[in-house]
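# Sequence first, then the predicted structure:
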Amino acid sequence: MTTSLLHRLFDHCEQIAASDIHLAPGLPPFFRLRGELDAVPSFSVLSRQDVLDVAAGLLYRMSGHGLETLLECLEKRGSLDGACTSAGRGRYRFNIFRCQSMATEKERSGSDPIPSLGIAIRLLDDRFRSLKELGLPERLSSFCGLKDGLVIVSGPTGSGKSTTLATLLDQINRTRSGHIITIEDPVEYIHESRKCLVHQRQVGLDATGFNGALVDALREDPDFILVGEIREQATIRTAITAAETGHLVFTTLHAGDCVGAVERLVSVFGSGEQEAIRRQLSLVMRGIVAQRLLSSERKDVPHHRVPVCEILINTPAVANLIATGKSAQIYSAMETGNAAGMQTLEQDLVRLSLSGEISANTALALARNPDALQHRLVRGWKEVRS
């Protein structure tokens with residue numbers, strides 16, 4: 001039943017172009033389509049055993065380990081990340097976690113040994129897409145030609161950060177020679193060695209943590225390093241050190257915009273260290289991309305999502321603002337920095353609105369400064385009509 005159920009879930013996900021699958025005992029499967037999460041009545045209500053079997057099947061596809069390893073990991077951590085490729089289907093990232101559920105009388109009596117689990121599964125792209133296919137500016141490809149430094153892709157969960165980095169890393173792999181090391185949790189996209197030698201490490205399986213793996217990587221003669229996420233002091237320090245010592249480092253961060261990404265990195269440190277961290281960032285930062293995914297409002301392209309992004313390039317003027325803590329002034333530099341490859345969120349919202357991908361109301365709701373955006377939209381419509 002496990003294989004049949006898992007195949008049915010994968011098949012349905014790909015047929016309707018859903019982005020995510022959610023499983024919980026006592027409920028039918030839920031699928032996220034165009035940002036909306038809905039139950040699918042054509043599937044039966046799942047039992048706790050169904051969910052446990054699917055979880056064990058996912059883990060087996062990832063590592064060749066099954067139920068015993070799954071239960072051991074859940075006992076230690078309460079959750080487990082992973083990714084797997086299903087034969088003839090796409091690649092999926094998943095998180096399995098312990099949770100509370102409505103207990104039956106048997107479960108309340110304590111006689112049922114089956115743990116209650118939830119599973120979140122995300123469908124990944126089955127191939128590397130170009131920046132144009134992703135709807136991202138071609139100017140991002142300039143990051144792939146850098147010799148060293150730190151490049152950050154930020155945004156909320158589900159905003160396509162990993163996909164953007166996979167595209168950039170694939171371009172490096174196809175056009176440059178060198179050694180690529182990725183440190184991920186989990187490994188989402190599989191990069192085969194092409195012009196570059198590629199080694200991919202998964203936290204929890206190949207390494208105990210991001211920082212330890214990053215420290216190890218510096219002894220492994222890398223040219224390009226991908227760190228799945230930097231969120232604590234030790235990893236941030238090591239990433240900065242790697243960028244300072246001649247490596248090109250790519251990473252992700254949970255921040256809503258480019259300035260927020262800078263402040264998020266600095267705020268991790270105590271007040272006594274923040275000035276020094278700002279100076280280091282001003283020297284090693286090469287650029288930040290902040291992105292999120294929006295549901296397209298075009299009627300002719302169903303189930304389509306489009307990225308909106310802003311781009312910060314660390315010009316000498318921006319570096320000075322980062323070093324001196326004048327973050328609020330960075331937005332002005334971005335407004336006038338188009339020649340250097342920069343753009344603000346509002347500038348990209350105008351583009352999407354004028355192209356018909358999103359409505360003016362949607363753009364205004366997302367803008368930091370709705371009045372300024374309204375002025376831009378009016379000016380843009382006049383230019384289009386003329």
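Cool, the structure landed.

# hey, let's count contacts and neighbours off CA atoms from now on
OK.

# Can you tell me the number of residues neighbouring residue 268?
Residue 268 has 14 neighbours, counted by other Cα atoms under 10 Å.

# Neighbouring strands of the strand ranked longest in the chain in the sheet, and parallel or not?
Longest among the strand segments of the chain by residue count, using DSSP state E, is strand 285-295. With DSSP bridges as the test, strand 285-295 is paired with strand 149-154 (parallel), strand 305-313 (antiparallel).

# and that strand, average pLDDT?
Strand 285-295 shows a mean pLDDT of 95 in the predicted model.

# could you dump the strands paired with strand 285-295 to CSV with distance to residue 213 and mean neighbour count?
As requested, those are exported to CSV (distance: least, Cα to Cα, whole Å; neighbours: other Cα atoms under 10 Å):
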stretch, distance to residue 213, mean neighbour count
strand 149-154, 17, 26
strand 305-313, 28, 22
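
# For residue 90, find the nearest of the ones you listed.
strand 305-313 (18.7 Å; Cα to Cα).

# Render the CA-only coordinates of the closest one in CSV, please.
What follows is strand 305-313, C-alpha atoms only, in CSV (Å, rounded to 0.1, in the frame of the first residue of the first chain):
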residue,chain,number,x,y,z
ARG,A,305,3.8,31.7,-10.3
VAL,A,306,6.2,34.6,-11.0
PRO,A,307,9.1,35.9,-8.9
VAL,A,308,9.4,39.5,-7.8
CYS,A,309,12.9,40.5,-6.6
GLU,A,310,15.1,43.3,-5.7
ILE,A,311,18.9,43.3,-6.2
LEU,A,312,21.6,45.0,-4.2
ILE,A,313,25.1,45.2,-5.7
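
# what's the offset of that strand from the middle of its chain?
Relative to its chain's centre, strand 305-313 lies at 13 Å (Cα atoms, centre = their mean, to the nearest Å).

# how about the next helix or strand after it: buried residues?
Toward the C-terminus, strand 305-313 is succeeded by helix 316-323 as the next helix or strand (DSSP states H and E). By neighbour count with 16 or more other Cα atoms under 10 Å, helix 316-323 contains the buried residues 318, 319, 320, 321, 322, 323.

# before we move on, what about stretch 56-66?
Neighbour-count burial for stretch 56-66 flags 56, 57, 58, 59, 60, 61, 62, 66 (criterion: 16+ other Cα under 10 Å).

# which residue sits closest to the third one, ignoring its sequence neighbours?
When the adjacent residues along the chain are set aside, residue 58 lies closest to residue 84, with 7.0 Å between them (Cα to Cα, 6 or more residues apart in numbering).

# chain center to the helix or strand containing the one you found: distance?
When elements are assigned from DSSP H and E, residue 84 belongs to strand 79-85. Centre-to-centre, strand 79-85 and its host chain are 15 Å apart (Cα atoms, centre = their mean).
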